[in-house]
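Colleague: Quick one, fold the following:
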Amino acid sequence: MPKKNSKHKWEFKKFFRAGAYSWKGTALASKRIKSAVKEIKNVAKKDSVTAAEGAVAFIEKCWRAIEHIDSSSGAIGIAVSNALSELAEIIAHAELSPKEHLELTKRIWESWEDEELGYYDVLGKMWSEFCAIDEILNYWADEFLPVVKMVFQSTVPGSYFKGVEPCLACLYEVGRHDEIIDLLKDREKLFFDYRQYEIKVIAARGEIDRALEIVDEYLYHPYTSPYLVARLGEELLIKSGRIEEAYRRYAFRIPFQTTGLATFNAIRKKYTKISPQRILSDLIDADPCNERRYFAAARKIGMIELAVEIAEKYDVEPKTLTTACKDYIEKDPDLSLRFGLLALIRYAEGRGYEPEYADVQKCYDFVLKAAENAGKKEEVAEQIKAIVDNDKSVRQLVALVVNSRQEYGNNILLFRRR
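Modeller: Numbering: from 1, shown residues only. I've put the predicted structure just below:
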């Protein structure tokens, strides 16, 4: 509980009244969720107990404030999930007595029981993090266990209890592994969210291959995320030191991230002993028709020829090529020219995401500088003229930019639009 002399007034509370956000309130609510978490984290730096109380207050209020928002895009759900993940850490590390800590988890459970929209269902995977210590983990395992047994023994279709996964997680964390095996015995058709704890117990007992057999059974299960399954298989193999096998069997079953570089970095972080060149090559093979996504990754690890190949063969965004042109102006002007001229060609072909005059102008200026550094001003001038002559971009942006930059070195060059 908060300190007696704590007078912190939570700013976020005024933005999380019941029904505070309308059907189209995703963006605003997401912004305020982030602000609330930031406020709680700032308080945690000085007063972990008050911060933990604030975190629970947020959980109690949040779902009621956002219950009328259109959740079809998934954005608000992601915002809530991210917030809960950060708040779990704050509560787990708060300087609370076991009794105070338990009371906070009881309030969280009550909020989750009341919430029927599914925003808080991620708490099942986080419950053991909120509990943190054995005393509280055992309390909740014992609290949930009778109901979990009833649900598993029920013959009524669709029997469900929110406490099933939290119960299994608590049992696992405190080492009550035999009880997990007994609960899940002869229940092969259970959701992976539940059976993962049986798999972990089997692996913990040294039967890695048997555990992996069950993992692989779920990889193609229609109601299971293959990513979550692969992640567990990968985790078990890495922990057992079978790195190469983990890489081959599961590394490329992860969901690809928003950029090729981010995906590459995520894999490289886990497999530090595997060469980045191999990772990138395997990643490109695993992501057909998306080769252009890995241009930045190829540059980062020094695979320049591969980067050039990707740039020339695939539809790399001209703005990305412009960045590469800029990066090499001084250290390798010839390479800079290859990327810069290719960007201009792409612009002239009408490619790129909503290019503006300033984008083309920036690219053109970098090309001129690279040409000067490489001692190829006249040669590049002819290449630019050819690009302008074939300018098919909207509003003929390339020709427009070049015409506005008539002075090139000591010569006056005017490329007219046709």
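
Colleague: buried stuff in the helix or strand hosting Val398?
Modeller: Here Val398, judged by DSSP states H and E, is contained in helix 397-404. Within helix 397-404, the residues that count as buried by 16 or more other C-beta atoms under 10 Å are 397-402. Every C-beta, even on glycine, is put in place using the N, C-alpha and C of the backbone.

Colleague: same check, this time on stretch 247-266
Modeller: 247, 249-252, 254, 256, 260-261, 263-264.

Colleague: Confirm for me that Ile69 is in contact with Ala29.
Modeller: Yes: the pair Ile69 and Ala29 passes the contact test of C-beta atoms under 8 Å, sitting 6.0 Å apart.

Colleague: Now for these two: what residues contact both?
Modeller: 21, 76 (C-beta atoms under 8 Å, 6 or more residues apart in numbering).

Colleague: Domains in this structure, by residue range?
Modeller: 256-313, 317-412 (automatic domain parsing).

Colleague: would you list the ones you listed in TSV and tack on distance to Ala203 and mean pLDDT?
Modeller: Shown next, in TSV, are these (distance: least, C-beta to C-beta, whole Å; pLDDT from 0 to 100):
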stretch	distance to Ala203	mean pLDDT
domain 256-313	18	92
domain 317-412	42	90
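
Colleague: Run through the helices of the stretch 51-200 of the chain in chain order.
Modeller: 75-92, 98-114, 123-131, 134-153, 164-173, 177-184, 192-204 (DSSP state H, counting those that start in this stretch).

Colleague: CA atoms only: put the shortest one into CSV for me.
Modeller: In other words, helix 177-184. Once non-C-alpha atoms are left out, helix 177-184 reads as follows in CSV (Å, rounded to 0.1, in the frame of the first residue of the first chain):
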residue,chain,number,x,y,z
HIS,A,177,5.6,-29.9,-11.4
ASP,A,178,3.9,-33.2,-10.5
GLU,A,179,0.6,-31.3,-10.0
ILE,A,180,0.9,-29.9,-13.6
ILE,A,181,1.4,-33.4,-15.0
ASP,A,182,-1.5,-34.7,-13.0
LEU,A,183,-3.8,-31.9,-14.2
LEU,A,184,-2.9,-32.3,-17.8
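
Colleague: what helices or strands is that helix leaning on?
Modeller: Under the contact criterion of 3 or more C-beta pairs under 8 Å, 6 or more residues apart in numbering; DSSP states H and E, helix 177-184 touches helix 134-153, helix 164-173, helix 192-204.

Colleague: again, 6 Å this time
Modeller: Counting by 3 or more C-beta pairs under 6 Å, 6 or more residues apart in numbering; DSSP states H and E, the packing neighbours recorded for helix 177-184 are helix 192-204.

Colleague: List the buried residues of the helix it packs on.
Modeller: 192-203.

Colleague: swap in stretch 314-321?
Modeller: Using 16+ other C-beta under 10 Å as the burial criterion, the residues of stretch 314-321 that qualify are 316-321.

Colleague: Give me the contacts around it.
Modeller: Applying C-beta atoms under 6 Å, 6 or more residues apart in numbering, the set of residues contacting stretch 314-321 from outside is 291-292, 295, 339, 342-343, 346-347, 352.

Colleague: Make CSV out of the residues you listed and add distance to Lys46, neighbour count and secondary structure.
Modeller: Listed next are these as CSV, based on distance: C-beta to C-beta, whole Å; neighbours: other C-beta atoms under 10 Å; DSSP: H, G, I helix; E, B strand; the rest coil:
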residue, distance to Lys46, neighbour count, secondary structure
Glu291, 50, 20, helix
Arg292, 48, 16, helix
Phe295, 45, 24, helix
Phe339, 49, 30, helix
Leu342, 53, 20, helix
Ala343, 50, 31, helix
Arg346, 52, 25, helix
Tyr347, 52, 27, helix
Gly352, 48, 23, coil
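
Colleague: which outside residues touch stretch 360-367?
Modeller: With C-beta under 6 Å, 6+ apart, stretch 360-367 has contacts from 322, 325-326, 340, 343-344, 347, 397-398, 401.

Colleague: of these, closest to Ala374?
Modeller: Gly340 (10.7 Å; C-beta to C-beta).

Colleague: which ones are touching the closest one?
Modeller: 325, 366-367, 370.

Colleague: Same question for Pro333.
Modeller: Pro333 touches 370, 373-374, counting by C-beta under 6 Å, 6+ apart.

Colleague: which stretches of the stretch 151-300 of the chain aren't confidently modelled?
Modeller: Within the stretch 151-300 of the chain, the ranges that satisfy pLDDT under 70 run 188.

Colleague: so where does the spatially closest residue to Gln196 that is not a sequence neighbour fall, helix or strand?
Modeller: Nearest residue to Gln196 in three dimensions, chain neighbours excluded: Leu232, at 5.7 Å (C-beta to C-beta, 6 or more residues apart in numbering). Per DSSP H and E: Leu232 is located in helix 226-239.

Colleague: tell me the angle that helix makes with helix 123-131.
Modeller: 40 degrees (axes from the mean of the first three to the mean of the last three C-alpha atoms, to 10 degrees).

Colleague: Quick one: name whatever helix or strand follows whichever helix or strand Glu305 is part of.
Modeller: Element membership of Glu305, judged by DSSP H and E, is helix 304-313. Using DSSP H and E, the helix or strand that follows helix 304-313 in sequence is helix 318-327.

Colleague: ok, so what distance separates the residue nearest to Gln257 when sequence neighbours are not counted from Leu280?
Modeller: With sequence-adjacent residues excluded and distances taken as C-beta to C-beta, 6+ apart, Gln257 is closest to Thr263, at 4.6 Å. For Thr263, the distance to Leu280 (C-beta to C-beta, to the nearest Å) stands at 10 Å.

Colleague: ditto for Arg253
Modeller: Distance from Arg253 to Leu280, by C-beta to C-beta: 17 Å.
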